[in-house]
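Participant: Whatever this is, show me its structure:
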Amino acid sequence: MVKRILVVEDERPMARALELKFSHEGFEVKVAANGEEALALVDTELFDLILLDLVMPKMNGFEVLKSLAEKGKPIPVIVLSNLSQAEDEAKVRALGAKGFFIKSNVPIADIVAHVKRVLV
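Facilitator: Take a look at the predicted model:
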């Protein structure tokens, strides 16, 4: 069965790069440009994993993580951000994130490998 990933990323080039890489790896990928759009998709579709940016318009990644918990949606979330403060990583992990990557420091191939480990 094909695993479904929701990419929540407001930067179009990064969203497209993730979408292409994960599609090439055999995943079905949907993209949301902000947190509100992501939560609307989560309410109507099933996803095996969410790749979540933190800094976005309308609703940030911290708010998305809180909302997923409040809705009782146990979807694994991996945060991809350019925020590199240790307290940001601690905060998202406290909110249930299964991983935290600084986008500018990590090749997409490493993110794919981590996603595969989480979804095994």
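Participant: residue ranges with poor pLDDT in the protein?
Facilitator: Judged by pLDDT under 70, the chain has no weakly predicted residues.
Participant: List the beta-bridge partners for the residue nearest the centre of it.
Facilitator: For the chain, the residue nearest the mean C-alpha position is residue 51 (1.4 Å; Cα atoms, centre = their mean). For residue 51, the beta-bridge partners are residue 7, residue 78 (DSSP bridges).
Participant: ranges for the strands of the protein?
Facilitator: Assigned by DSSP state E, the chain shows strands spanning 4-8, 28-32, 49-52, 77-81, 99-102.
Participant: got CSV for these, with distance to residue 67 too?
Facilitator: Just so you know, the C-beta spots here come from the backbone N, C-alpha and C atoms, and that holds for glycine as well. As requested, the strands of the chain are exported to CSV (distance: least, Cβ to Cβ, whole Å):
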stretch, distance to residue 67
strand 4-8, 12
strand 28-32, 13
strand 49-52, 11
strand 77-81, 11
strand 99-102, 18
